[in-house]
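Quick one, structure for this:
(3 chains)
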Amino acid sequence: MKRAALGCSLALAAALAAGAAQAQTVRIGVVLTYTGVGAELAQQIDRGMQLFMKLNPDAFAPCKVEIIRRDDKNPGGADAKTAAQELITQDKVDIITGVIYSSNAIAMEPVITAAKKPFLIMNAGTAWITNLSPVIARVSFSMWHAGYAMGEALVKNLKAKTAVIGYTDYPPGKDSLLAFKTAFEKAGGKVLDEIPMGGPGQVPDFTPFLQRAKDRKPDVFFVFVPSGDHAVALVKTYNALGMRQAGIRLVGPGDITPDHKLQQMGDDAIGLITMHHYNADLDNPVNKRFVEAWRKEWGPTSTPDFMAVQGYDGMAAIAHAARANKCKLDADNFIAALRGWKFDSPRGPIMIDPATRDIVMNEYLSEVVKVGGRLVQKTLAVTPAVKDMCKELKVDRCGK
Amino acid sequence: MMRGAAAAAEAFARRHRLRWWEALPWIAALAAFFVFPTYLSFGTQLLVTVLFALSLDLVLGYAGIVTLGHAAFFGAGAYTVGMLAAHAGWNEPLSGLAAAAAVAATIGFLSGLVLLRTHGLTLLMLTLCTMALLEQAANMGAAWTGGFDGIPGLKFQKILGLFEFDVLYFRTQYLYALAVLFACFVLVRTLVYSSFGQSLTGVRENVLRMHAVGAPVRTRLVVAYTISAALAGVAGGLFAQATGFVNLAVLGLDRSAGVMIMLILGGYGRLYGAFVGAVAFLLLEHVLAKAYPTAWQLGVGVLLVLVALYARNGILGLAEPLARRFAARRGGV
Amino acid sequence: MDIAGVFLGGFAAGMVLFIVSVGLSVTMGLMGFVNLAHGGFAMLGGYTMVLAMKHAGLGFVAALALAFVAVALLAGLLERTLYARLYRAGELDQVLFTIGLVFVMIAAITLGVGPETQTIRLPDWMRGETDLGFVRYRTYSLVVIATGVALALALWLGFERTRFGARIRAAVDNRRMAASLGVDVGRLFTVTFAIGSGLAAVGGGLGAEILGLDPNYPLRYLAYFLIVVAVGGLGRVTGVFFAALLIGVLDFVLKIHFPKGGTMFIYALTLVLLLARPQGLFGRKGA
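Residues are numbered from 1 along each chain as shown, chains lettered A, B, ... in the order given. Okay, the predicted model is just below:
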């Protein structure tokens, strides 16, 4: 009500085009899981978005920005869909963004497509989501980015020959498994066993699964578990069972060494090898500034992780599209502005693939080492400009 | 004493008659369609939840079966509709609901035969385990069910060949859900005031006496459980059609416990408790979650505690003495 | 495969379930009070430890003791002020109340401490492996097993050999009769409730390594706690012990050999056990 009244009086006073004041504002609808199991992830993304606005106050100029947040509560799809529907019809947002869970992104897509609004995904990593609709672009990742690069790098850089794969039994885990296996076997490695390790809803006791893996005596144990408590519990159990002493290296996408949990993991984490698109220790000037600002804002012990960077880059993408389109966004011009968009992110150079609307970015092979009493991730090798291989190789659904 | 008994007998004889206020929920639901045109996605979810709670009321409120596994039937219905549409091209909405009801009823009948020999905590855990097994099965059959990511982009034919699903504003879905809810409500209302319904209440109040008078207790319970499962299946099917999406979240403890809480909050064994509870719970949650996306659970929790402490038998339990006093005053004049 | 290792792993998992659930079994058996907030007390125990270790610099064992005392006091207070008002209410009102309480606990922790997972740092002597002679195994798991067994023994002795225990047993079997014999069931319940919740707090803190610790803890594990209580039989300490042990070990073994089954086993097992013995493994008929 207030907003409408204000717009009215402005228009009267200026006696200009009535819609001018309105058109200046880009309304961004953010759907994240602010409560429940996803709350911690949402907090990272949300803070990443806030930090972008703080560090780049003029990024949207001359457009004004209004951010409207909604909680989608759970991965069930229905609440997320209602949130998207109300953001569009009540709050009249120009773009929908955020989304932790792939299931929610999938459920929301028909509403957003029908409304011809752009949909920028800041997390939801199931590979084929971007194929669902031409209004979708993604600044996060698909599980194929890290999984495939890891499969190649293990054989090439670490000379591994045999692997056991453990994964949390839900889509990102299965994607990760398939991506890793495809690349690892193509490079000449052999997968000895595939072990589903419980669901994402609760952290299982990893002991039985890891004992099974240990008995197979592989060179590496490739694992995908959700970043967060799963990862912490997994690394603890890995050490407690003496797998390290048995000469089995624990490797996986960066989800197993989430930056904000790394110090808590303690010495257990030393020697873990990961492939990922971000870690807080990346040595580039943009990241240095980002991490420094983060600590100033959220406390010296807090650390941004890849989710935070996805929120940061997402806002950068929206800012770019808003300026390019003179503050008036729709699905077509947003996607057009993002095709081939390049940005210097804290994770290094990124680009939106003009063909797939998905992200192209570096993948970093890193090892956890201890430097001066702190755990840091040391970059061993960089695979530059990695695309989503699921779409490149047209595996199952990613070939449409 | 005598007068009280006579009045009670008269009230008992009269209670199945329609009363004026029974039209209120339906008028309110129709009015909401016009007053809140942009809230109909939420409204549709609300109606589906009311139907689900109503199905639970039949077993929990009338037959006294305390179950934590009712989402099994909701999920069975939702997956029936979703998988038929995705894999068999069966996307006619009304027959889809019928199939959902049939599948859910079958599961309800079979599990009821085995489980309803027990009661109390044992029954609670058995129903929970049955549901959890279905949930696991749905996860393991991800090739068919879509698992966590779900079955995307379900499309359905026009309802009765006339009304197209409204992707953006949910107008059709809302009225469709309201019509289905109404039909199911009439069925349940007729049922609980029939002699079958009376005998269910008898089982709830005193199972030994019902055995003593030779009533077929188990059979009655299984029949009620099966009908309730069918209705929950319809609610699930409706959910899948309205949302155009099904994933693992249609099964699971969250949904079972959630609907049970809503029913108790509204007042069980009262038909309209399902309406009051679902609306009160979901509205509060929706409004609070919008205003405080990170802290709304506090308000919901406080409401539940307060209602439990001060309003025995839910919100309707709070309203009843007032209504009685009102009626008594009118009757006395 | 190493049989001893498998058994110990399952034993440890079972003991965590036992420590958390035993209080729930006794209070449910005693008063028939359906306390779905029981897991909330376990969570509060875990958070008490986290905060005490971080801000007051307490050691692991001291923090664990503090968690027991603090949560037992809080539970006793809640029992006197709120729970007591609902003894005569139906079990469904109790469900509503305790779920509401869980929501409040979750929100309070989320707002006060934050939504992120907490880790409780184990002291050095609990880390790594210990050589038992016949097998080397994770020290932490052995500590959990020892604690669980010691607690079970202490509770068993307390139940069987003390006046207090005799009163509880009498009240579980027939509350009215016990009351008419002069047992103050109300006070008995307050004390039992406080101790049971305190034990849950110990389980929450000690078991955080296995069950994790975050605001959603009470709802996430609610089903597991109830399963252990139902399978063990209401109000039976030994029942809960063996039920937890059985479920812990079988679930563990099946997960190693058929990981594709996920959590299916724990539910299938419960289903079979309860259909065979509806009153629980150690419950009495009609109890």
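
Give me the pLDDT for residue B:7.
Per-residue pLDDT puts residue B:7 at 61.

let me fix that: residue B:333
Residue B:333 carries a pLDDT value of 41.

ditto for residue A:10
Taking residue A:10 on its own, its pLDDT is 41.

swap in the one 10 residues further on?
Confidence per residue is given as pLDDT, and for residue A:20 that number is 45.

Just list the residues touching residue A:68, thanks.
Residue A:68 sits next to A:27-30, A:87, A:91, A:93 when contact means C-beta atoms under 8 Å, 6 or more residues apart in numbering or on different chains. For glycine as for every other residue, the C-beta is placed from the backbone atoms N, C-alpha and C.

Neighbours of the residue of the stretch 1-150 of chain A found nearest chain B, how many?
Nearest to chain B in the stretch 1-150 of chain A, going by C-beta to the nearest C-beta, is residue A:76, at a distance of 3.1 Å. The tally of other residues near residue A:76 (other C-beta atoms under 10 Å in any protein chain shown) stands at 25.

Over to residue C:177?
Counted with other C-beta under 10 Å, residue C:177 comes out at 11.

so it sits in a helix?
Yes - checked against DSSP: H, G, I helix; E, B strand; the rest coil, residue C:177 lies within a helix.

What's the separation between it and residue A:150?
Distance, residue C:177 to residue A:150, by C-beta to C-beta, to the nearest Å: 67 Å.

cool, residue B:259 as well?
Relative to residue A:150, residue B:259 is positioned 43 Å away (C-beta to C-beta).

quick one: which of these two has more around it?
Set residue B:259 next to residue A:150 and count neighbours by other C-beta under 10 Å: residue A:150 wins out with 31 against 28.

OK, contacts around that one?
Listed by C-beta under 8 Å, 6+ apart, the contact set of residue A:150 reads A:180, A:183, A:222, A:251-253, A:275, A:363, A:365.

if we can go back for a sec, what about the contacts of residue A:68, which are in helices?
Using DSSP state H, the members of those that fall within helices are residue A:87.

got the residues of the stretch 151-287 of chain C near chain B?
For the stretch 151-287 of chain C, the residues in contact with chain B (C-beta under 8 Å from any C-beta of the partner chain) are C:219, C:222-223, C:226-227, C:229-231, C:234, C:260-264, C:267-268, C:270-271, C:274-275, C:278-280.

Can you give me the neighbour number for residue A:134?
Neighbourhood size, residue A:134 [other C-beta under 10 Å]: 14.

Just give the nearest non-adjacent residue to it, would you?
Spatial nearest neighbour of residue A:134, chain neighbours left out: residue A:335 (6.6 Å); criterion: C-beta to C-beta, 6 or more residues apart in numbering or on different chains.

Kindly provide the distance from the one you found to chain B.
Using C-beta to the nearest C-beta, to the nearest Å, we find residue A:335 at a distance of 19 Å from chain B.

Surely residue B:181 and residue B:50 touch.
Yes - Residue B:181 is in contact with residue B:50 according to C-beta atoms under 8 Å; the separation is 6.1 Å.

out of the two, which sits in the busier spot?
More neighbours surround residue B:50 than the other of residue B:181 and residue B:50, with 29 against 24 (other C-beta under 10 Å).

Surely that one is within a helix?
Yes - assessed with three-state DSSP, residue B:50 lies in a helix.

Quick check: pLDDT value at it.
pLDDT at residue B:50 comes out at 97.

That one reaches residue B:275, doesn't it?
Yes - between residue B:50 and residue B:275 there is a contact at 5.5 Å, judged by C-beta under 8 Å.

which residues in the stretch 151-287 of chain C form helices?
Using DSSP state H, counting those that start in this stretch, the helices of the stretch 151-287 of chain C run over residues C:163-173, C:175-180, C:185-206, C:208-211, C:217-220, C:222-232, C:237-257, C:264-276.

can you pull the contacts of residue 149?
Answering for chain A, as no chain was given. If you count contacts by C-beta under 8 Å, 6+ apart, residue A:149 has them with A:183, A:275, A:363, A:365, A:383, A:386.

please go with chain C instead
Here residue C:149 is in contact with residue C:15 (criterion: C-beta under 8 Å, 6+ apart).

how close does residue A:355 sit to residue B:28?
Plainly put, residue A:355 is 51 Å away from residue B:28 if you go by C-beta to C-beta.

re earlier: so which of the helices of the stretch 151-287 of chain C is nearest chain A?
With respect to chain A, and counting by C-beta to the nearest C-beta, the nearest of those is helix C:237-257 at 4.0 Å.

Could you list the buried residues of that closest one?
Residues of helix C:237-257 classed as buried by neighbour count (16 or more other C-beta atoms under 10 Å in any protein chain shown): C:237-256.

Of those, which ones also sit close to chain A?
C:252-253, C:255-256.

from what I can see residue B:172 touches residue B:165, true?
Yes - counting by C-beta under 8 Å, residue B:172 does reach residue B:165; the two are 5.5 Å apart.

Which residues are in contact with each of the two?
With C-beta under 8 Å, 6+ apart as the test, residue B:172 and residue B:165 both reach residue B:159.

Which strand or helix spans residue A:349?
Secondary structure assigned from DSSP states H and E places residue A:349 in strand A:348-352.

helices or strands next to that strand in the packing?
With contacts taken as 3 or more C-beta pairs under 8 Å, 6 or more residues apart in numbering or on different chains; DSSP states H and E, strand A:348-352 sits against strand A:342-345, strand A:359-371.

how about the spatially closest residue to residue B:150 that is not a sequence neighbour, what does it touch?
Distances taken as C-beta to C-beta, 6+ apart place residue B:247 nearest to residue B:150, at 2.8 Å, with adjacent residues excluded. Counting by C-beta under 8 Å, 6+ apart, residue B:247 touches A:75-77, A:103, A:107, B:146-151.

Any chance of CSV for those residues, columns distance to residue C:116?
Shown next, in CSV, are the contacts of residue B:247 (distance: C-beta to C-beta, whole Å):
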residue, distance to residue C:116
A:75, 18
A:76, 22
A:77, 25
A:103, 22
A:107, 26
B:146, 30
B:147, 27
B:148, 22
B:149, 25
B:150, 27
B:151, 32
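
separation between residue C:248 and residue A:196?
Taking C-beta to C-beta as the measure, residue C:248 and residue A:196 are separated by 20 Å.

give me the element the residue lying closest to residue A:132 once chain neighbours are set aside is part of.
Excluding its sequence neighbours, the residue lying closest to residue A:132 (C-beta to C-beta, 6+ apart) is residue A:109, at 4.9 Å. According to DSSP H and E, residue A:109 maps onto helix A:102-114.
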